[in-house]
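A.B. asks: need coordinates for the below:
(one chain, ligands or ions: 1)
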Amino acid sequence: MWRVGAVVALHDETATARTITLEVAEWPGHVAGQHVDVRLTAADGYSAARSYSIASVPNSEGRVALTVVRLPDGEVSPYLTREVTVGDRLEVRGPIGGWFVWRPQQAEPIQLVAGGSGIVPLMAMIRTHASCGSTAPFRLLYSVREPGTVLYRNELQALPDQDRSVALTLAYTRAIPKDWPRPPGRIDAALIASTTWPATLRPTCYVCGPTAFVESAAALLTTNGNSPDKIRTERFGPTGDRR
Ligand SMILES: Cc1cc2nc3c(=O)[nH]c(=O)nc-3n(C[C@H](O)[C@H](O)[C@H](O)COP(=O)(O)OP(=O)(O)OC[C@H]3O[C@@H](n4cnc5c(N)ncnc54)[C@H](O)[C@@H]3O)c2cc1C
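C.D. replies: Numbers count the residues shown, from 1 in each chain. Coordinates of the predicted model:
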């Protein structure tokens, strides 16, 4: 069922990413980790739909925040990150997904692993963890290309002060900040072994990002001793769905 979401706020996260807050009529509520489909329809009737994870905490006001990273040659993301203005109406369908979710009653250690825009649903989990006062220990390993592409930078950097049960490790693949201890590079076995929960604690792992990233990170977590049934994945591959 498609619903209408009114754009009530816009916020630029980086030079190429924007958070769009929608107020969705008769929104049924969501769980951290879920996503929606957004459908754009042109005057001639042509329409394109893409999936976007929900970044915001579950709330009763029907507010849903999406963070979209612009792909230069993309069909939908340039429109959402450049053209949309407050007051516009977008069609949304959801919430979607029942497996890649974190619920406040989960008390076990949580390992989050994000690549690029894959941070979005994991941020919803971190925000929900804080808003419900959960003490479940969280660790986040977040891989980005370079410092300018870190989404939610200020909020993530403030985490150690605000929510001591969440620990953050950043990894840069192409360019590092000055004096950064690790050279640029993809997440590897050594980083997984040194920054993620020991597998003996049986953490539930959530891995999200581009398909190749997810497959590589999930394989490294498995090699590090985590059981595949404790690893939940969400792949941000092309949806390419035109409806
Ligand atoms: C469950 C789910 C949740 C998602 N959540 C988010 C989110 O929170 N934020 C977000 O920015 N995106 C998210 N995505 C990706 C999003 O759905 C679109 O694929 C993305 O915005 C590109 O759409 P586009 O129309 O701009 O590009 P397209 O016109 O579809 O593609 C343009 C080019 O980029 C390639 N491409 C498409 N998607 C990707 C991608 N994700 N990574 C690398 N190359 C790609 C295509 O193969 C093509 O060559 C999610 C995808 C899924 C499946």
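
A.B. asks: every contact and neighbour count from this point should use C-alpha atoms.
C.D. replies: Noted.

A.B. asks: chain neighbours aside, what residue packs nearest to the spatially most central residue of the chain?
C.D. replies: The geometric centre of the chain, computed from its C-alpha atoms, lies nearest to residue 120 (CA atoms, centre = their mean), at 1.7 Å. Nearest residue to residue 120 in three dimensions, chain neighbours excluded: residue 55, at 5.2 Å (CA to CA, 6 or more residues apart in numbering).

A.B. asks: now the least confident helix or strand in the chain by mean pLDDT: buried residues?
C.D. replies: Ranking every helix and strand in the chain by mean pLDDT, DSSP states H and E puts helix 159-162 at the bottom, with a mean of 79. Of the residues in helix 159-162, residue 159 count as buried by neighbour count, 16 or more other CA atoms under 10 Å.

A.B. asks: strands paired with the following helix or strand past it, and their directions?
C.D. replies: Downstream of helix 159-162, the first helix or strand assigned by DSSP states H and E is strand 166-172. Applying DSSP bridges to the sheet, strand 166-172 is found paired with strand 138-144 (parallel).

A.B. asks: what's whatever helix or strand comes next after the strand it pairs with in contact with?
C.D. replies: Heading C-terminal from strand 138-144, the first helix or strand you meet, by DSSP H and E, is helix 153-157. Helix 153-157 has contacts (CA atoms under 8 Å, 6 or more residues apart in numbering) with residue 168.

A.B. asks: I'd say the residue nearest to residue 120 and residue 126 touch.
C.D. replies: No: look at residue 55 against residue 126 with CA atoms under 8 Å: they stay out of range, at 9.6 Å.

A.B. asks: quick check: what element follows the lengthiest strand in the chain along the chain?
C.D. replies: Longest among the strand segments of the chain by residue count, using DSSP state E, is strand 2-14. The element immediately downstream of strand 2-14 (helix or strand, assigned by DSSP H and E) is strand 17-24.

A.B. asks: what about that next one, average pLDDT?
C.D. replies: With pLDDT averaged residue by residue, strand 17-24 scores 98.

A.B. asks: stretch 128-142 too?
C.D. replies: Averaging pLDDT along stretch 128-142 yields 95.

A.B. asks: that one: which residues count as buried?
C.D. replies: 128-130, 134-142.

A.B. asks: first vs last residue of it, how far apart are they?
C.D. replies: Stretch 128-142 has an end-to-end distance of 18 Å (CA to CA, to the nearest Å).

A.B. asks: contacts for that stretch, please.
C.D. replies: Outside stretch 128-142, the residues that touch it by CA under 8 Å, 6+ apart are 32, 57-58, 104, 106-116, 119, 126, 163, 165-171, 195-197.

A.B. asks: could you check how many residues crowd around the nearest residue to residue 149 once chain neighbours are set aside?
C.D. replies: Nearest residue to residue 149 in three dimensions, chain neighbours excluded: residue 14, at 6.1 Å (CA to CA, 6+ apart). Counted by other CA atoms under 10 Å, the residues lying close to residue 14 total 15.

A.B. asks: residue 14 and residue 148 touch, don't they?
C.D. replies: Yes: the criterion here is CA under 8 Å, and residue 14 meets it with residue 148 at 6.7 Å.

A.B. asks: residues contacting the residue lying farthest from the centre of the chain?
C.D. replies: Going by CA atoms, centre = their mean, the residue of the chain most distant from its centre is residue 44, 32.8 Å out. Residue 44 makes no contacts at all, as judged by CA under 8 Å, 6+ apart.

A.B. asks: roughly how far does it sit from the ligand?
C.D. replies: Going from residue 44 to the ligand by CA to the nearest ligand atom, to the nearest Å gives 18 Å.

A.B. asks: can I assume that residue sits in a helix?
C.D. replies: No: the assignment for residue 44, made by DSSP: H, G, I helix; E, B strand; the rest coil, is coil rather than a helix.

A.B. asks: okay, now the unreliable bits of the protein?
C.D. replies: Along the chain, segments meeting pLDDT under 70 span 239-243.
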